[in-house]
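1. need a structure here:
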Amino acid sequence: MVNLPVTLENEAKMFLQPMETCATKVVTNNARMTDKGKDIIVKHWKEDRYENNLYKVDIKVDLSKVIISDLEIKDVQKYTIVPNDYYIDNIKSESNGQYIYTIATNRRPFACDLTIGYTTKLPNWVITSNFENNSLPKKIVQLMV
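-> Residues are numbered from 1 along each chain as shown. Okay, the predicted model is just below:
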């Protein structure tokens, strides 16, 4: 048996979890800004009244099926956004695995597909295993989680 050195909470489970596309909903006080909570109607996206040249919108994301700790989810540095004119300003947790992502831009918003990705790093035990195959190794591996 081989014990793998797992350092982060749920690290082994995170590595083995398949990719997940999460359900989203635009949350705004301006009903004209969205198409029934799905798409943002850019011409109705108004500048933040408290900060000049800043446009913000909240997006509710269901992460209940994702095995990542609350602390890791809220770390805005782990995310990528395409196009890069936008960024994550803040992430707040709600109940039952729901999170509110505040997306912001300093430029006038434009119509586009906004893709938010979470950057994962392979655990060191995977990198140093030297196993190059797409099946399980012959040794029995026990994950100590």
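2. any idea of the pLDDT on the residue nearest to residue 46 when sequence neighbours are not counted?
-> Closest residue in space to residue 46, ignoring its immediate chain neighbours: residue 30 at 6.9 Å, by C-beta to C-beta, 6 or more residues apart in numbering. Glycine gets a C-beta too; all of them are placed from N, C-alpha and C. The model reports residue 30 with a pLDDT of 74.
3. count the neighbours of the closest residue to residue 62 other than its chain neighbours for me.
-> Of all residues not flanking residue 62 in the chain, residue 23 sits nearest, at 4.5 Å (C-beta to C-beta, 6+ apart). Number of residues near residue 23 (other C-beta atoms under 10 Å) recorded here: 11.
4. dihedrals phi and psi, residue 23?
-> The phi/psi pair for residue 23 (degrees, to the nearest 10) reads phi -70, psi 140.
5. okay, helices next: where are they in this protein?
-> 11-16, 70-73, 124-127 (DSSP state H).
6. between these, which has the poorest mean confidence score?
-> Across the helices of the chain, the stretch with the lowest average pLDDT is helix 11-16; it has a mean of 55.
7. so who does residue 110 touch?
-> Counting by C-beta atoms under 8 Å, 6 or more residues apart in numbering, residue 110 touches 42, 85.
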